[in-house]
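[1] Return a 3D structure for these sequence lines:
(one chain, ligands or ions: 1)
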Amino acid sequence: MRVAMFFVLLVGSLGASMPHASAFAQQSPASTEQKDKPKLAVRPNDAGAAIPTRFDLLRGAYGPYRSNNDLLYYHLNIRVDPQEKSIEGKNTIRFRMLQDATRIQLDLNESLKIDSILLGETPLKYQRDSGAVFIDFPHTLRAGQVYSIDFSYSGHPPETGRFGGITFKKDPAGRDWINTACEETGASIWWPNKDQWRDEVESMDISVAVPNGLTDVSNGHFTAKTDLGDGYTRWDWHVSYPINNYDVSLNIGDYAHYSDRLGDLALDFYVLPEDLERSKPQFAQAKGMIEAYEHYFGPYPFGKDGYKLIEAPYSGMEHQSAVTYGNLFENGYLGRDWTGVGISPRFDFIIIHESGHEWFGNSVTATDRGDMWIHEGWTTYLESLYVEYRWGKEDAIKYLNGYRPKVHNLRPIVAEREVNANPTEDQYFKGALMLNTLRSVVGDDAKWWMLLRDFYQRFKYQNISTDDVIAWFNQHSGRNLTPIFNQYLRHAAIPRLELLWGEAPGTLMYKWAADEKDFAMPVRAGTTGHWQTLQPTTKWQMMRTSISKDDLQVDLDYFFVDVNKQ
Ligand SMILES: [Zn+2]
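    Numbers count the residues shown, from 1 in each chain. Prediction:
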């Protein structure tokens with residue numbers, strides 16, 4: 001049956017002409033409507049969250065001894081001994097005071113020794129507490145003034161966390177291979193810094209001395225290599241942009257190196273010598289990846305630092321301008337069809353995903369770990385943009401919806417702020433499916449592409465919160481998207497479209513069941529290819545339809561919602 005109009009929407013409240021209006025009215029929230037506006041749920045209702053430890057509170061909070069200063073610059077200058085599995089050296093930390101104070105907070109894992117902390121020649125006193133280092137100055141540091149301290153340390157950093165934090169390994173040929181991946185554990189597991197997300201240095205130098213014959217590849221632009229004459233060579237790298245602490249990385253090994261260019265952008269590739277030939281066709285995907293993301297968001301964010309792909313002994317990590325790679329030089333993710341719909345095998349998941357973080361995660365950064373969906377939800381969505389750029393919208397939507405089975409909806413995506421909370425994995429897949437839903441809500445692809453680009457351009461090189469994202473999209477879409485963002489981000493459940501067929505033929509009631517009281521979102525329903533847009537709210541509305549309960553479908557590929565037909 002093909003009819004031009006499937007639904008006759010009855011605008012307004014439930015009509016008395018409806019034979020079963022009273023039955024529906026009992027479920028209507030209209031009579032209990034409250035005047036007060038819903039408050040922004042700053043604390044997510046997340047019963048599944050771990051109880052923070054003292055370590056988490058000191059690490060997670062942007063406390064008074066962090067907020068009284070603004071980071072400007074680090075020079076991390078260290079020596080790494082593969083035999084001893086040890087590090088020694090110092091971080092020179094430059095910061096501007098934002099208020100008068102005599103104390104600041106930095107962080108360093110308790111297993112590492114503090115050799116000295118100096119302001120010029122003056123040794124500073126400090127107190128260590130659960131990974132935090134509170135440094136006391138003999139005189140008041142003045143607001144507006146810039147200070148520099150040298151924080152010297154040494155010892156054996158622990159290997160812990162998903163990717164080890166820092167690992168002292170051997171490559172398959174038995175040569176030293178030392179790598180960092182410390183987003184989860186925090187960078188202070190191997191070097192002293194202000195270990196939080198909100199504040200970043202404006203630029204950084206990284207100098208790493210390693211035994212002769214080994215190479216260190218860190219972030220930024222390679223500036224020099226100096227034989228120190230004692231069996232060690234120092235590798236110097238300069239980062240010209242703000243950088244997350246956890247993005248700062250060591251990759252020490254017997255690397256083979258080759259280069260390419262994409263316009264003005266230097267591309268550098270570092271792999272174990274045995275992997276040189278097989279890496280070349282695989283790493284060639286970097287160019288198409290950068291072209292795709294530049295198409296949607298604008299230039300690669302770290303042009304002066306170049307783009308690097310570096311082989312590492314774990315699957316991959318988005319280290320800024322120095323993406324680490326361990327995806328077997330195969331398409332898909334560790335040999336798998338990652339979203340299970342036949343599209344993932346067309347490209348290398350790690351190159352496409354981890355590099356997407358250069359735009360979302362490294363350039364646009366969350367202020368708190370609890371808002372990490374700004375990194376992972378967005379970058380997972382970027383994967384689908386890569387697919388769309390290469391193979392079109394239909395494949396992109398199919399790829400994205402392959403993520404549906406990975407979503408659990410057991411906890412909110414946004415975790416509590418200031419407690420070093422680790423958000424649920426839903427931040428990836430559900431975050432991306434939410435953005436795909438928002439595209440459908442906007443309902444105009446040209447406008448959507450403009451919103452994405454403008455959003456990125458507005459917040460590049462900045463640290464933002466979930467509230468910043470919502471406020472910006474509200475302002476620039478001309479819609480109140482707050483209840484939609486809140487439902488997907490701050491509650492466990494996704495919105496459920498309630499469809500209730502009346503006893504009278506051809507009558508259908510519909511509304512959203514959602515935690516957000518003012519939840520309202522358009523959705524398409526009908527039959528495949530013949531969709532019509534409904535504007536459900538959390539109050540029952542009625543329509544007439546010629547489509548039976550069995551035949552009526554909701555456009556679930558474009559709207560990540562549940563449906564309950566009764
Ligand atoms: Zn990621």
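[2] quick one, phi psi at residue 314?
    Main-chain dihedrals, residue 314, degrees, to the nearest 10: phi -130, psi 170.
[3] Next, the buried residues of the helix or strand containing residue 118.
    In the assignment (DSSP states H and E), residue 118 maps to strand 112-119. Buried residues in strand 112-119, counted by 16 or more other CB atoms under 10 Å: 112, 114, 117, 118, 119. Backbone N, C-alpha and C define where each C-beta goes, glycine included.
[4] In terms of distance to residue 50, which of these ranks first?
    residue 112 (24.8 Å; CB to CB).
[5] residue contacts, that closest one?
    87, 153, 154, 155, 156, 157, 190, 192 (CB atoms under 8 Å, 6 or more residues apart in numbering).
[6] Distance of it relative to residue 377?
    Distance of residue 112 to residue 377, computed by CB to CB, to the nearest Å: 34 Å.
[7] thinking again about what came up before, which one among the contacts of residue 112 gets closest to the ion?
    Nearest to the ion out of the contacts of residue 112 is residue 190 (CB to the ion; 20.8 Å).
[8] since we're on that closest one, how many residues are nearby?
    Close neighbours of residue 190, defined as other CB atoms under 10 Å, add up to 27.
[9] Likewise for residue 137?
    For residue 137, the neighbour count with other CB under 10 Å is 17.
[10] part of a strand, is it?
    Yes - counting by DSSP: H, G, I helix; E, B strand; the rest coil, residue 137 is found in a strand.
[11] Verify the contact between it and residue 119 for me.
    Yes - the pair residue 137 / residue 119 is scored as a contact, 6.6 Å apart, by CB atoms under 8 Å.
[12] Show the subsequent helix or strand relative to the strand or helix carrying residue 450.
    Assigned by DSSP H and E, residue 450 falls within helix 445-459. Using DSSP H and E, the helix or strand that follows helix 445-459 towards the C-terminus is strand 463-464.
[13] List the pairing partners of that following strand within its sheet, with orientation.
    According to DSSP bridges, strand 463-464 forms sheet pairs with strand 365-366 (parallel).
[14] Quick one: mean pLDDT for the next helix or strand after the partner strand?
    The C-terminal neighbour of strand 365-366 among helices and strands, as given by DSSP H and E, is helix 373-391. For helix 373-391, the mean pLDDT works out to 98.
[15] Enumerate the positions of helix 373-391 that are buried.
    Neighbour-count burial for helix 373-391, with 16+ other CB under 10 Å as criterion, is recorded at 373-390.
[16] try stretch 534-542
    For stretch 534-542, using 16+ other CB under 10 Å, the buried residues are 534, 536, 537, 538, 539, 540, 541, 542.
[17] again with stretch 214-228
    214, 215, 216, 217, 218, 219, 220, 221, 222.
[18] just these now: which is nearest the ion?
    Using CB to the ion, the buried residues of stretch 214-228 come closest to the ion at residue 219, 16.9 Å.
[19] part of a helix, is residue 289?
    Yes - per three-state DSSP, residue 289 lies within a helix segment.
[20] which one among the buried residues of strand 112-119 gets closest to the ion?
    Closest to the ion, out of all of the buried residues of strand 112-119 and judged by CB to the ion, is residue 112, at 27.5 Å.
[21] returning to what we had before: show the buried residues in the contacts of residue 112.
    Among the contacts of residue 112, the ones that count as buried (16+ other CB under 10 Å) are 87, 153, 154, 155, 157, 190, 192.
[22] My read is that residue 72 contacts residue 147, right?
    No - assessed by CB under 8 Å, residue 72 is found out of contact with residue 147, at 9.5 Å.
[23] Which element, helix or strand, includes residue 524?
    Applying DSSP H and E as the criterion places residue 524 in strand 523-527.
[24] From the contact counts, what lies against that strand?
    Using 3 or more CB pairs under 8 Å, 6 or more residues apart in numbering; DSSP states H and E, the elements in contact with strand 523-527 are strand 530-534, strand 553-554.
[25] again, only this time at 6 Å
    Packing contacts for strand 523-527, counted by 3 or more CB pairs under 6 Å, 6 or more residues apart in numbering; DSSP states H and E, involve strand 530-534.
[26] Return the set of buried residues in the strand it packs on.
    530, 531, 532, 534.
[27] gap between that strand and the chain center?
    Relative to its chain's centre, strand 530-534 lies at 33 Å (CA atoms, centre = their mean, to the nearest Å).
[28] what's downstream of it, the next helix or strand?
    In N-to-C order, the element after strand 530-534 by DSSP H and E is strand 541-545.
[29] And that following strand, how far out from the chain middle?
    41 Å.
[30] partners of it, with directions?
    strand 7-10 (antiparallel), strand 507-513 (antiparallel).
[31] any idea of the mean pLDDT in the shortest one?
    When pLDDT is averaged over strand 7-10, the result is 43.
[32] The longest one now?
    Averaging the model's pLDDT scores along strand 507-513 yields 96.
[33] What angle do strand 530-534 and it make with each other?
    Taking axes from the mean of the first three to the mean of the last three CA atoms, to 10 degrees, one finds strand 507-513 and strand 530-534 inclined to each other by 60 degrees.
[34] orientation of strand 507-513 relative to strand 523-527 in degrees?
    Relative orientation of strand 507-513 versus strand 523-527 (the same axes, to 10 degrees): 150 degrees.
[35] what residue ranges in the stretch 151-300 of the chain score low on pLDDT?
    For the stretch 151-300 of the chain, no stretch is flagged by pLDDT under 70.
[36] got the residues of it near the ion?
    For the stretch 151-300 of the chain, no residue is in contact with the ion (CB under 5 Å from the ion).
[37] Those residues of the stretch 301-450 of the chain touching the ion, which are they?
    Near the ion, when you scan the stretch 301-450 of the chain using CB under 5 Å from the ion, you find 376, 379.
[38] The stretch 301-450 of the chain: helices as residue ranges?
    In the stretch 301-450 of the chain, the segments counted as helices under DSSP state H, counting those that start in this stretch are 349-356, 373-391, 393-401, 426-442, 445-459.
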